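Enquirer: any chance you could fold what I've pasted below:
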Amino acid sequence: MSTVTHGLLARMIARPGQSAQAELFQQCALPQARAEPGTLAWYALRFGREDYGFFSAFGDEAGRQAHLQGPVAQGLKEKGAQMLRREAEFARLNILASKLPATPRASSLGVLLAFKAKAGHEAEVEQFLRDARHMVEEEPDTVAWFALHWADRQHYGIFDVFPDLRARNAHLSGRVPRELAKHALQLVGGMPSMKRPEVLAIHYAQGVTAEAGAQAA
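Expert: Below you'll find the predicted structure:
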């Protein structure tokens, strides 16, 4: 059994006329992600017109580094000049807590929330996100959920996926957003960013578990 503790968010903007190639690249990346033993969860995402990305979760830094040196990341470097407006951006993430399906489930929609912690309240934000996992466990149609800390700055967030629009709307009107809004003046510095991507492809490794994750290095 492996627990997810490290994450990676890749964002890429396709050149005009290259959206079909970007989506084909994402679909072709699925078997490559499946072949990586250290990649425990992986999602190909479309944030909007010409706006794409990947979210990946790993059990340790070695798994993340192997992915960054693997065929998906290398393919982005090789095809980026032709396919993308600029180089893909990679953000290393610490996974503070997570929920994963006991068996793989289809998901078509996601949410990516990001916000800056108010100075001096970082520990409270991290505890809030860890505690939020128990609220999400009560949502049967929140298929997977990750509480995140950006490794290079005091930004935090949540990435989660859902089978349909009804499930996503139920989550967005549920306990976690309500509790975050209640504590926002105390904990959040600035306006949060929320993206609602489509999920184009998914991979879950066998034996991956979700529990309150340790702080990743």
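Enquirer: just for the chain, where's the confidence low?
Expert: For the chain, the stretches flagged by pLDDT under 70 are 1-2, 209-217.
Enquirer: where do the helices sit along this structure?
Expert: Under the criterion DSSP state H, helices of the chain are mapped to 19-34, 61-68, 71-83, 122-136, 165-172, 175-187.
Enquirer: now the angle from the longest one to helix 71-83?
Expert: Between the axis of helix 19-34 and that of helix 71-83 there is an angle of 170 degrees, by axes from the mean of the first three to the mean of the last three Cα atoms, to 10 degrees.
Enquirer: give the buried residues for helix 19-34.
Expert: Under the neighbour-count criterion of 16 or more other Cβ atoms under 10 Å, helix 19-34 has 19, 22-23, 25-26, 29-30, 32-33 buried. Where you see a C-beta, it was placed from the backbone N, CA and C, and this is true even at glycine.
Enquirer: who does it touch, helix- and strand-wise?
Expert: strand 39-48, strand 51-58, helix 71-83, strand 198-204 (3 or more Cβ pairs under 8 Å, 6 or more residues apart in numbering; DSSP states H and E).
Enquirer: what's the most buried one of the ones you listed?
Expert: strand 51-58 (a mean of 25; mean count of other Cβ atoms under 10 Å).
Enquirer: what are the pairing partners of it, and which direction each?
Expert: strand 6-13 (antiparallel), strand 39-48 (antiparallel) (DSSP bridges).
Enquirer: taking strand 198-204 as reference, get the angle to that strand.
Expert: 20 degrees.
Enquirer: just the CA coordinates of strand 51-58, formatted as CSV?
Expert: Only the C-alpha atoms of strand 51-58 are listed here, as CSV (Å, rounded to 0.1, in the frame of the first residue of the first chain):
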residue,chain,number,x,y,z
ASP,A,51,-5.8,25.7,-21.7
TYR,A,52,-4.7,22.2,-20.5
GLY,A,53,-2.9,20.5,-17.7
PHE,A,54,-2.0,17.4,-15.6
PHE,A,55,-2.4,16.7,-11.9
SER,A,56,-0.3,13.8,-10.6
ALA,A,57,0.2,12.3,-7.1
PHE,A,58,3.1,10.3,-5.8
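Enquirer: closest to residue 148 out of the helices of the chain?
Expert: Residue 148 lies closest to helix 122-136 among the helices of the chain, at 7.8 Å (Cβ to Cβ).
Enquirer: mind checking how far that closest one is from the chain centre?
Expert: Its chain's C-alpha centre and that of helix 122-136 lie 16 Å apart, by Cα atoms, centre = their mean, to the nearest Å.
Enquirer: so which elements touch that helix?
Expert: strand 89-99, strand 144-150, strand 155-162, helix 175-187.
Enquirer: distance from the third one to the middle of the chain?
Expert: Using Cα atoms, centre = their mean, we find the averaged C-alpha position of strand 155-162 to lie 6 Å away from the chain's own average C-alpha position.
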